[in-house]
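S.K.: Quick check, what structure comes out for this input:
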Amino acid sequence: SDGADAAAAAAVVAAGAAGRAAAPRAAASSQAEEVEGDGDGDAGDFCLGFVFEDWLDPESFTSHAAAEFELEQFGVKVRQGQFLHTKQDDQTGAVVWDDAVIVARHLAAKFGVDSTCSTAGGLRGRPVIDLGTGTGFLGLAVARACAAKVIVSDRAVMADLVRANVDANRDAVAAAGGSCEFAEHSWGEALSGPVADAAPFAAILVSGCVYHEEANPPLLDSIMALSDENTLVVVAIDFRFDVARARDEDEDEYISPVLASFLSQAADRGLAMRAQPNDQLGLPADHVKNSVRVYHARRAAEE
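M.R.: Numbering: from 1, shown residues only. Presented below is the predicted three-dimensional model:
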């Protein structure tokens, strides 16, 4: 039943959180929890062991056990919700993931108003959208560091959490010359409201969103609808669902099957994703993570 699923999910989340609090840099193998399926090859409504392996990653910049997440660099603090990953209810965005942290730092280094890069201030006053924002952290960080006009978007199920975080950081973002607002948008749906009004965007941020094959086409539909040939598309993914394989194989070459499919489908639409090597992100070595990939893309100009 749904009630039993929720109770079991809460137990798994609690176990993972307790493990992290007790040993934040511990190896994951002793802490991972898994809910068994029905014995017919189906993993059941959820299977979180592979997630906790990455949650206890020694390279992690985030803590999913914490009620709040903050990076002093950005002066942005967000409340984290309860992680939930079931077939019926996917709220993996309720916590901040490492790929969002890396993208925020990367864009601050490249476009931040205080950056020493030649592109500093390149997003000042320009429209930016954070698709599948989750907590809103990435969009808020970019709004503040780059003085951009950011829309953080997600499904209705995330609206309360995102709105609360936007409201809590509104003054800090405004003081830096930026702005940030929430707008509901589900990938693949027709544009409406503030999202439609602001398109095409100067930049589209897609962090931690490429993890289900069936979500690739609608995600790309939204990216294409929100962009033109001048839009910078930034896609980042942490191989949190393939972390063991990413470590076993050549970390510079490994690409998950879902990401490989996304890149292929994007190329078919004239959106060629170019991988950004860690040493070209403008970040110190301790601010990057080998299992995170960052891509830049611009649409091919229409003839």
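
S.K.: For the rest of this, base every contact and every neighbour count on C-alpha atoms.
M.R.: OK.

S.K.: which intervals of this structure have sub-threshold pLDDT?
M.R.: 1-59, 82-92, 240-254, 302-303 (pLDDT under 70).

S.K.: That one: strands as residue ranges?
M.R.: 68-71, 76-79, 127-131, 149-154, 179-184, 203-207, 232-238, 274-275, 292-297 (DSSP state E).

S.K.: Distance to Ala143 added to those, as CSV?
M.R.: Listed next are these as CSV, based on distance: least, Cα to Cα, whole Å:
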stretch, distance to Ala143
strand 68-71, 14
strand 76-79, 10
strand 127-131, 8
strand 149-154, 6
strand 179-184, 6
strand 203-207, 12
strand 232-238, 15
strand 274-275, 24
strand 292-297, 19
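
S.K.: JSON lines for the ones you listed, including mean neighbour count?
M.R.: Supplementary listing: the strands of the chain in JSON lines, determined by neighbours: other Cα atoms under 10 Å:
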{"stretch": "strand 68-71", "mean neighbour count": "15"}
{"stretch": "strand 76-79", "mean neighbour count": "21"}
{"stretch": "strand 127-131", "mean neighbour count": "26"}
{"stretch": "strand 149-154", "mean neighbour count": "28"}
{"stretch": "strand 179-184", "mean neighbour count": "23"}
{"stretch": "strand 203-207", "mean neighbour count": "25"}
{"stretch": "strand 232-238", "mean neighbour count": "23"}
{"stretch": "strand 274-275", "mean neighbour count": "14"}
{"stretch": "strand 292-297", "mean neighbour count": "20"}
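
S.K.: Figure out which of those is closest to Val96.
M.R.: Of all these, strand 68-71 sits nearest to Val96, with 7.3 Å by Cα to Cα.

S.K.: And the closest one, what does it pack against?
M.R.: strand 76-79 (3 or more Cα pairs under 8 Å, 6 or more residues apart in numbering; DSSP states H and E).

S.K.: Give the other helices and strands that the strand it packs on contacts.
M.R.: strand 68-71, helix 137-146, helix 159-175.

S.K.: hang on, the earlier thing: between the strands of the chain, which one is nearest to Val166?
M.R.: Evaluated with Cα to Cα, the strands of the chain place strand 179-184 nearest to Val166, the distance being 6.6 Å.

S.K.: So what touches the closest one?
M.R.: For strand 179-184, the external contacting residues (Cα atoms under 8 Å, 6 or more residues apart in numbering) are 139-140, 143-144, 147-156, 159, 162-163, 166, 170, 173, 193-195.

S.K.: Weed out the non-buried ones from those residues.
M.R.: Taking 16 or more other Cα atoms under 10 Å as the criterion, what is buried in these is 139-140, 143-144, 147-155, 159, 162-163, 166, 170, 173, 195.
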